[in-house]
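Participant: Have a look at this prediction, sequence included:
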Amino acid sequence: MKSPIPVLRLLMPALLLGCALTGFAQPAPAGPAESGRTAHGEKKPTGIEIVAQLESPAHVRPFQEKDWAGYVLVYFKDETHSAYLAISRDGYTFTDVNGGEPVFDGSILAEQKGVRDPHLTRGPDGAFYLAMTDLHIYGDRAGFRATRWERPEGKYGWGNNRALVLMKSWDLIHWTHADFRVDLAFPELGDIDSSWAPETTYDPVQRKMMVYFTIRYGNKNANIYWAYANDAFTKLETTPQMIPHIGGIDGDLTHVADQWHLYYVGGAKILHAVSAELTQGFVAETRRIDPESKPTEAPNLFKRLGTDTYVLMYDVYGARPNNMGFSETRDFATYRDLGHFNEGVMRGTNFVRPKHGAVSYLTLDELKAVAAHWHVPIDLN
């Protein structure tokens, strides 16, 4: 971790959204990103800084589970179309680092002026990899466009967004940023409707970070695709390929022992498939995994540190009001319902009803540094 950074300036340079022919935007000039408003109308600082280039730590090494001492949750909200961070020592109680205000301002980071579906993971280099959907579903109401969607809804369906927001950091404070247009980078994909819900994992065979996400065609045919990212995490290097025989959306991949567990969405419910290979050979279960009766999406699996238990988190978007649900499993065959966020054992101290999130891990030093940087009052004992 770097030492605490100075107080951020209150003026954010505009991000450069050019380079359309290459499929991705230039990294922004160095400067703080901001969101929200004070009582006097000034923007509130988010606590992060967008940089053109990252400084790698002196000693990069892959972390083991014994190194982790806490958790970090990334999530978003429809109200702001921005993303948030929350931290936890025990994996049960989370505290938003910015007092419930956005950390990743969608109006600055995205072509459509909104981000959704954030996913955060750690790479073997110890870096944080953040991937998000570039989409503002209320862009017309917010004054960002004149039409409900960018292109005719009858042909392309809702959203018709085609960019992914890719960000990388070693300290959760300094981040590189790219807004990657999938369709422009890979014209061989044809006329895609939209791309969304990107997640990132490490391929131990190819030794590359892999981004997998949903692509839809013809306003009905949606599947999970994958491609390798460059080391800087500013673009996809290979043409996205479909994971065969799944036919779902919102995929989440986790390697446990010698198997890849894929949780995904079909028919507005959470499903599960297993394979010995990362991008093919998945055998799917037919049953619904989550215990909900309402529509669900956005599964994310994380391990309770120091145990053999995994937590499956999912967005119960069909509930009114919406909320996150949780189940625990040790064998990936039986699941224990933990209820909803702030209605069971999983809680937030200063925020409610997060949407489409993901959980990753922090060392104790990282947890302390993040808490100090954002002045988060949590028990670190």
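Facilitator: Sure, I can see it. Numbers count the residues shown, from 1 in each chain.

Participant: When you work out contacts or count neighbours from here on, use the C-alpha atoms and nothing else.
Facilitator: Noted.

Participant: ok, Glu320 - how many residues close by?
Facilitator: Just so we're on the same page, residue 320 is Arg rather than Glu. Neighbours of Arg320 under the rule other C-alpha atoms under 10 Å: 8.

Participant: Surely it forms part of a helix?
Facilitator: No: remark: Arg320 does not belong to a helix; assigned using DSSP: H, G, I helix; E, B strand; the rest coil, it is coil.

Participant: how near is it to Val283?
Facilitator: Counting by C-alpha to C-alpha, to the nearest Å, the gap from Arg320 to Val283 is 33 Å.

Participant: Phe128 now?
Facilitator: For Phe128, the distance to Val283 - C-alpha to C-alpha - is 30 Å.

Participant: who's more crowded, the two?
Facilitator: Taking other C-alpha under 10 Å, Phe128 and Val283 do not tie; Phe128 has more neighbours (21 against 15).

Participant: now the more buried one, which residues is it bridged with?
Facilitator: Arg122, Ser169 (DSSP bridges).

Participant: That one against Trp170, yeah?
Facilitator: Yes: Phe128 is within contact range of Trp170, at 5.8 Å (criterion: C-alpha atoms under 8 Å).

Participant: On the three-state scheme, the residue most central in space within the chain is what?
Facilitator: Nearest to the mean C-alpha position of the chain, by C-alpha atoms, centre = their mean, lies His119 at 1.6 Å. When classified by three-state DSSP, His119 comes out as strand.

Participant: wait, doesn't it sit right on Ala358?
Facilitator: Yes: if you go by C-alpha under 8 Å, His119 and Ala358 touch, sitting 5.2 Å apart.

Participant: Quick check: neighbours shared by the two?
Facilitator: Taking C-alpha atoms under 8 Å, 6 or more residues apart in numbering as the contact rule, His119 and Ala358 both touch Val74, Tyr75.

Participant: mind listing the helices for the stretch 1-150 of the chain?
Facilitator: Ranges of helices in the stretch 1-150 of the chain, per DSSP state H, counting those that start in this stretch, are 106-109.

Participant: can you tell me the average pLDDT over stretch 353-369?
Facilitator: Stretch 353-369 shows a mean pLDDT of 97 in the predicted model.

Participant: Sorry, wrong one. I was asking about stretch 178-190.
Facilitator: 98.

Participant: show me where pLDDT drops low in the stretch 101-250 of the chain?
Facilitator: Residue ranges of the stretch 101-250 of the chain with pLDDT under 70: none are present.

Participant: For it, just list every one of the strands.
Facilitator: 115-122, 128-134, 163-169, 174-181, 194-203, 208-217, 221-228, 241-242, 249-256 (DSSP state E, counting those that start in this stretch).

Participant: What is the longest helix anywhere in the chain packed up against?
Facilitator: If you go by DSSP state H, the chain has its longest helix at helix 364-374. For helix 364-374, the packing partners by 3 or more C-alpha pairs under 8 Å, 6 or more residues apart in numbering; DSSP states H and E come out as strand 68-77.

Participant: Which elements pack onto the strand it packs on?
Facilitator: strand 82-88, strand 115-122, strand 355-363, helix 364-374.

Participant: between these, which one is nearest to Asp134?
Facilitator: strand 115-122 (4.9 Å; C-alpha to C-alpha).

Participant: Next, the angle from that closest one to strand 249-256.
Facilitator: 10 degrees (axes from the mean of the first three to the mean of the last three C-alpha atoms, to 10 degrees).

Participant: Extract the CA atoms of strand 115-122 and return them as CSV.
Facilitator: What follows is strand 115-122, C-alpha atoms only, in CSV (Å, rounded to 0.1, in the frame of the first residue of the first chain):
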residue,chain,number,x,y,z
VAL,A,115,-22.0,2.7,-14.5
ARG,A,116,-23.7,-0.5,-13.3
ASP,A,117,-22.9,-4.1,-12.4
PRO,A,118,-19.4,-3.4,-10.8
HIS,A,119,-17.1,-6.4,-10.2
LEU,A,120,-13.9,-6.3,-8.2
THR,A,121,-11.2,-9.0,-7.9
ARG,A,122,-7.5,-9.4,-7.1
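
Participant: contacts for it?
Facilitator: 73-77, 81-83, 105-107, 109, 128-136, 165, 196-201, 298, 355-361.

Participant: from memory Pro62 sits against Asp125, does it?
Facilitator: Yes: contact status for Pro62 versus Asp125: in contact at 5.6 Å, counting by C-alpha under 8 Å.

Participant: on that earlier part again, go through the helices and strands packed on strand 68-77 and name the closest to Leu54.
Facilitator: strand 115-122 (15.6 Å).

Participant: The residue lying closest to Gly344 once chain neighbours are set aside sits in which helix or strand?
Facilitator: The shortest distance from Gly344 to any non-neighbouring residue, by C-alpha to C-alpha, 6 or more residues apart in numbering, is to Leu338 (6.2 Å). Per DSSP states H and E: Leu338 is located in strand 336-340.

Participant: Beyond that strand, next helix or strand please.
Facilitator: strand 347-348.

Participant: centre of the chain versus that following strand, how much separation?
Facilitator: 19 Å (C-alpha atoms, centre = their mean, to the nearest Å).

Participant: strands paired with that strand, and their directions?
Facilitator: strand 93-96 (parallel).

Participant: what does the partner strand rub up against?
Facilitator: 73, 84-88, 346-351, 376, 378.

Participant: Widest-spaced pair of those?
Facilitator: Going by C-alpha to C-alpha, the pair spanning those furthest: Met346 and Val376, at 18.6 Å.

Participant: Ala273 touches Leu262, doesn't it?
Facilitator: Yes: counting by C-alpha under 8 Å, Ala273 touches Leu262, with 5.1 Å between them.

Participant: Looking at these two, which one has more neighbours?
Facilitator: Set Ala273 next to Leu262 and count neighbours by other C-alpha under 10 Å: Leu262 wins out with 24 against 17.
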